[in-house]
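Pasting the sequence and the predicted coordinates here, then a few questions.
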Amino acid sequence: MALELVGLGCSLRPHGFGETATEATSSGTTTGTTAAATSTSVASTSHEEPTTGVASEGTSAERVGSSADDSGAFAGWPDLGGDECEPWSRICPEGQKCMPYANDGGSSWNSWGCFDLVPDPAGVDEPCMVFDSGVSGEDSCDDGLMCWYVDWDTGMGTCLAMCTGSPEAPMCPDPKASCTVAAESSLILCFPSCDPLAQDCPGGELCLADPNDPDRFRCILDASGEEGQVFDACEYVNACDPGLLCVLPELAAECDPMAPGCCLPFCDVSQPNTCPGEGQECLAWYDMGQAPPGYENVGFCGVPSP
């Protein structure tokens, strides 16, 4: 069977910090590549300091905070005004690097500027530190990198590469990573692929389908809070606990049929059925023969169509 994957132009639920931002994703409905039917929204964040609430519509924010919207196309680049650098070329004086930052004292990235590189900066995937605030533009990563997955108790995170190319054709230095254009195009970051069955993301983040690339899964912040258990109602794709995803409620008799979505588990189609709902089976995420290498066994729990 093959269910339609919906909500690829969805928004991610913000969790944790400040105002919301936006991330460009592919829009519309995709058929023939996956068998999953997901809910209509996902979650987002920008950041300044940790808070406890969950914000409204936006898109995925990693630990330091990013986000996405449902615009369906790469957002137009904001007016840079007197900013010191352009994000896709990122040309700065020697000893500096081009970084997104908040030029208005707010909690969301809205500009790009040149900031001093620290001595012996950290490389990609190496530990790093943010200075002043998460939107200051200052961190300990090398040129072309940004500190992400930040632990606000320590200020420590991990350096991720920024995208290369152009807004119309973004690329990543690592071919296994995928580019996410976020915060109204004020962030352009390359996120590594992850395994939805292993949920191997850092910092307790969720491994979910990449809205920009149906052949990949990537790490997205966990915006579930105290909810997000199996059969809980959900409105955002990242509003369920690790190992679960927000899908259409008709996939389980135990779900509220009036809810926009319901939290159900990923499962391994090569293993005995462990799905918790009445009449549920482990349904293949990808149509037969269309799974990318490494994702052949990815499934999700649901009641199969008649």
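Yep, it's here.

Now stretch 133-148: buried residues?
Of the residues in stretch 133-148, those scored as buried under the neighbour-count criterion (16 or more other CB atoms under 10 Å) are 133-135, 137-142, 144-148. Heads up, the C-betas are built off the backbone N, CA and C, glycines and all.

Show me where the protein dips below the pLDDT cut-off.
1-83 (pLDDT under 70).

So for it, the centremost residue is which one?
The residue lying closest to the centre of the chain (CA atoms, centre = their mean) is residue 220, at 3.5 Å.

okay, now the closest residue to residue 141 other than its chain neighbours: neighbour count?
Sequence neighbours aside, residue 159 is the residue nearest to residue 141 in space, at 4.0 Å (criterion: CB to CB, 6 or more residues apart in numbering). One way to gauge burial is a neighbour count; for residue 159, by other CB atoms under 10 Å, it gives 22.

Whatever helix or strand residue 159 lives in: which residues count as buried?
Taking DSSP states H and E as the definition, residue 159 sits inside strand 156-161. By 16+ other CB under 10 Å, the buried positions in strand 156-161 come out as 157, 158, 159, 160, 161.

if we can go back for a sec, wait, doesn't the residue nearest to the centre of the chain sit right on residue 206?
Yes. Look at residue 220 against residue 206 with CB atoms under 8 Å: they come within range, at 5.1 Å.

joint contacts of these two?
Common neighbours of residue 220 and residue 206, counting by CB atoms under 8 Å, 6 or more residues apart in numbering, are residue 238.

Residue 203 and residue 135: what is the separation?
Using CB to CB, to the nearest Å, one obtains 18 Å as the distance from residue 203 to residue 135.

Kindly report the same for residue 242.
Between residue 242 and residue 135 the computed distance is 27 Å (CB to CB).

Contacts for stretch 186-194 next, please.
Under the criterion CB under 8 Å, 6+ apart, residues 21, 23, 62, 66, 78, 87-88, 100, 108-112, 146, 148, 160-163, 170, 172-174, 176-182, 200-201, 207, 210, 216-219 lie in contact with stretch 186-194.

Can you select the buried ones from these in ChimeraX?
Only the buried members of these enter the following ChimeraX selection, criterion being 16+ other CB under 10 Å:
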select :21,23,62,66,78,87,88,100,108,109,110,111,112,146,148,160,161,162,163,170,172,177,178,179,180,181,182,201,207,210,216,217,218,219
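
hang on, the earlier thing: how close does the residue nearest to the centre of the chain sit to residue 236?
The gap separating residue 220 from residue 236 is 10 Å, by CB to CB.

same thing with residue 91?
Between residue 91 and residue 236 the computed distance is 37 Å (CB to CB).

neighbour-wise, which of the two wins?
Set side by side, residue 91 and residue 236 show unequal neighbour counts under other CB under 10 Å, the larger going to residue 236 at 31 against 10.

That one - that's part of a helix, no?
No. Under DSSP: H, G, I helix; E, B strand; the rest coil, residue 236 sits outside any helix and is assigned coil.

Next up, phi/psi of it, please.
When quoted as degrees, to the nearest 10, the phi and psi of residue 236 stand at phi -120, psi 150.

isn't it right next to residue 247, touching?
No. Look at residue 236 against residue 247 with CB under 8 Å: they stay out of range, at 12.0 Å.

picking up where we left off before, I'd like the buried residues of stretch 133-148 laid out as a markdown table, including distance to residue 284 and secondary structure.
Putting the buried residues of stretch 133-148 into a markdown table (distance: CB to CB, whole Å; DSSP: H, G, I helix; E, B strand; the rest coil) gives the following:
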| residue | distance to residue 284 | secondary structure |
| --- | --- | --- |
| 133 | 44 | coil |
| 134 | 39 | coil |
| 135 | 41 | coil |
| 137 | 44 | coil |
| 138 | 46 | coil |
| 139 | 41 | strand |
| 140 | 43 | coil |
| 141 | 39 | strand |
| 142 | 41 | coil |
| 144 | 38 | coil |
| 145 | 37 | strand |
| 146 | 36 | strand |
| 147 | 37 | strand |
| 148 | 32 | strand |
